[in-house]
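Peer 1: whatever this is, show me its structure:
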Amino acid sequence: MNTLVAANRRDFLGAAASLAALSFPMSSAFAAGPQKRGGTLRVSINQAVNKLNPLVARVTPEYLVAELLYSGLTRLGPTMAPEADLAQSWTSSPDLTQWTFKLRPGLVFHDGSACTSADVVASFQAILDAKTASPGRQNIGPIASVSAPDKSTVVFVLASPYADLPVALAFPSAKIVPASVLQKGLDRLNREAIGTGPFKLVTFEPERIVVVARNEAYYDKARPYLDRIEVRVYPDATAEGSALIAGDTDLMALVQPAEFARLKAASGVNALKLPSGVFCNINLGCNQKPFNDVRVRKALALTVDRPAMVDFVAEGYGTVANDNPVSASYPFYKELPQRKRDIAQAKKLLAEAGHDKGLTLTLIASDNPSIRTQMAVALREMAKPAGFNINVQTMPHATYLEQVWKKGNFYVGFYNMQPTVDSIFSLLYTSNASWNETHWNNATFDKLVADARATADVKKRNELYAEAQRLMTEEVPSIIPVYFDLLRAKRSYVDGYQVNPRGLVYRLDYVSLGDGAPKRA
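Peer 2: Numbers count the residues shown, from 1 in each chain. You can find the predicted model right below:
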């Protein structure tokens with residue numbers, strides 16, 4: 001087992017056991033030793049940053065930019081434990097239904113205005129407002145109310161006990177923005193960035209480049225170490241890799257498996273790999289024919305050659321998955337009997353469902369990342385012997401987001417690892433999930449998840465989450481054949497960067513440029 005993952009599980013379970021008297025101190029340092037100040041870091045991303053408003057960020061590049069410009073109450077550390085951000089400490093009531101957060105003194109927004117508890121309250125009210133359409137709404141915990149008894153204190157009253165609140169509040173779109181801006185509507189945040197983050201916005205060209213510069217008023221006077229960061233868009237994976245090899249860029253936020261070997265062999269490049277819980281899920285619309293019949297879902301799942309998927313889609317950089325969004329990298333993971341390819345049984349189930357002559361379907365895959373299309377093509381070929389005739393339709397990612405995501409009934413999704421089991425279930429699979437793609441809407445599953453989040457008893461949570469995973473694997477609301485390793489790459493002179501298991505956490509305020517870094521204006 002990866003030592004980072006093992007440490008994370010031990011830390012998480014140890015903390016959970018003592019949550020009744022929970023109190024968190026200020027965050028620990030991320031990078032040891034002195035860091036050089038100055039310089040410009042060029043980071044490449046593979047798609048446009050269409051959403052500048054952090055409350056509605058929804059894809060990896062948007063989360064990255066939001067992290068540079070804004071802060072939350074908490075942030076995730078290298079082991080996914082919660083660390084202090086705007087909040088310097090927090091405590092819970094014994095029954096986990098009330099949490100009190102204390103803000104750092106002297107917080108200032110980029111426009112020079114003070115950041116107080118009133119801004120925190122307004123931000124969370126906006127996130128929780130369905131009209132905002134924030135992905136954080138269903139992922140920051142069962143918050144009933146949020147109040148500010150004074151300028152430096154924020155109190156969350158919960159609708160039910162919730163052990164994971166400090167982690168949940170680190171959700172990538174749960175950022176703090178000025179109450180004065182929110183009172184006038186969110187439109188201003190579509191074109192300006194008014195946060196408390198380590199960097200301030202300089203240039204915003206969504207399809208090409210986002211430039212940020214050091215925020216001299218950041219609460220940590222030692223950070224950020226860099227003067228500027230340029231986030232550059234490279235829609236073509238090969239061109240993006242070539243830019244890093246040539247030294248035109250310094251860090252790749254995401255590396256495709258097909259590019260990893262080339263980068264690993266390149267002089268002056270460090271190719272980075274970490275096991276994680278990242279997956280593509282083949283979503284099956286459980287509220288529409290033919291996938292409203294569990295026999296069809298099971299039949300399709302039985303056609304998948306999972307080791308072959310790891311080799312073909314992940315280029316060997318991954319592990320076999322079992323139609324469970326929870327990988328062994330999570331606390332509360334439950335190992336279940338591995339589903340194996342069985343064409344005879346798949347045919348039998350398909351015939352029992354009334355499709356003895358086969359079934360014709362259209363599977364839609366976004367072109368970004370390209371592994372979505374690879375998985376769709378692999379499934380098409382694997383499912384043929386069982387009687388599935390699958391047409392694969394690939395489309396631009398922007399079109400996919402507008403026309404297919406959360407609307408279609410057979411398409412390939414892509415998701416980073418979440419900080420907790422509750423997070424991944426509440427993001428995608430409960431009936432009230434903010435991104436309820438499958439419309440499985442299983443009341444038994446919903447109750448298991450709700451009961452698990454309401455207890456600090458580690459043994460009881462293990463039992464509840466184990467049953468939730470068993471039920472999901474049995475009913476197959478989506479097919480998850482592979483967990484992908486996290487692949488990143490950087491120039492060797494980039495110091496202080498670590499791959500975070502979460503996948504959406506970059507912590508570039510801890511990064512600096514060492515010897516050999518290019519001098520840029």
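Peer 1: rest of the way, CA atoms for contacts and neighbours
Peer 2: OK.
Peer 1: can you read off the pLDDT for the residue lying closest to residue 140 once chain neighbours are set aside?
Peer 2: Take residue 140 and drop its neighbours on the chain: the residue closest to it by Cα to Cα, 6 or more residues apart in numbering is residue 168, 4.7 Å away. According to the prediction, residue 168 has pLDDT 93.
Peer 1: how about low-confidence regions in the chain?
Peer 2: The model of the chain has pLDDT under 70 over residues 1-34.
Peer 1: quick one on the thing from earlier: identify the residues contacting the residue nearest to residue 140.
Peer 2: Counting by Cα atoms under 8 Å, 6 or more residues apart in numbering, residue 168 touches 139-141, 419, 423.
Peer 1: and those residues, which of them are in helices?
Peer 2: residue 423 (DSSP state H).
Peer 1: ok, and the closest non-adjacent residue to the most centrally placed residue in the chain?
Peer 2: The centroid of the chain falls nearest to residue 416 when counting by Cα atoms, centre = their mean (4.1 Å). The shortest distance from residue 416 to any non-neighbouring residue, by Cα to Cα, 6+ apart, is to residue 278 (4.5 Å).
Peer 1: kindly report the same for residue 480.
Peer 2: Excluding the flanking residues, the one nearest residue 480 by Cα to Cα, 6+ apart is residue 323, at 4.1 Å.
Peer 1: pull the number of nearby residues for that neighbour.
Peer 2: 26 (other Cα atoms under 10 Å).
Peer 1: that older thread, surely the residue nearest to the centre of the chain and residue 254 touch.
Peer 2: No: using Cα atoms under 8 Å as the test, residue 416 is too far from residue 254 to be in contact (11.2 Å).
Peer 1: following element in sequence after the strand ranked longest in the chain, please.
Peer 2: When the chain is parsed with DSSP state E, its longest strand is strand 269-284. Note on strand 269-284: by DSSP states H and E, the next helix or strand toward the C-terminus is helix 294-301.
Peer 1: which residues does whichever helix or strand comes after that following helix contact?
Peer 2: Next in sequence after helix 294-301, counting helices and strands by DSSP H and E, comes helix 306-312. Residues from elsewhere that reach helix 306-312 (Cα under 8 Å, 6+ apart): 316-321, 340-341, 374-375, 378, 481-482.
Peer 1: now these as CSV including distance to residue 361 and secondary structure?
Peer 2: Output for the contacts of helix 306-312, formatted as CSV (distance: Cα to Cα, whole Å; DSSP: H, G, I helix; E, B strand; the rest coil):
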residue, distance to residue 361, secondary structure
316, 28, coil
317, 29, coil
318, 28, strand
319, 27, strand
320, 25, strand
321, 24, coil
340, 22, coil
341, 20, coil
374, 17, helix
375, 15, helix
378, 15, helix
481, 19, coil
482, 22, strand
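Peer 1: pretty sure residue 259 belongs to a helix, no?
Peer 2: Yes: according to DSSP: H, G, I helix; E, B strand; the rest coil, residue 259 belongs to a helix.
Peer 1: residues in contact with it?
Peer 2: Counted by Cα under 8 Å, 6+ apart, residue 259 has contacts 237-238, 241.
Peer 1: among those, who's most crowded?
Peer 2: Tallying neighbours with other Cα under 10 Å puts residue 241 at the head of the contacts of residue 259, with 23 neighbours.
Peer 1: could you measure from that residue over to residue 254?
Peer 2: Distance, residue 241 to residue 254, using Cα to Cα, to the nearest Å: 10 Å.
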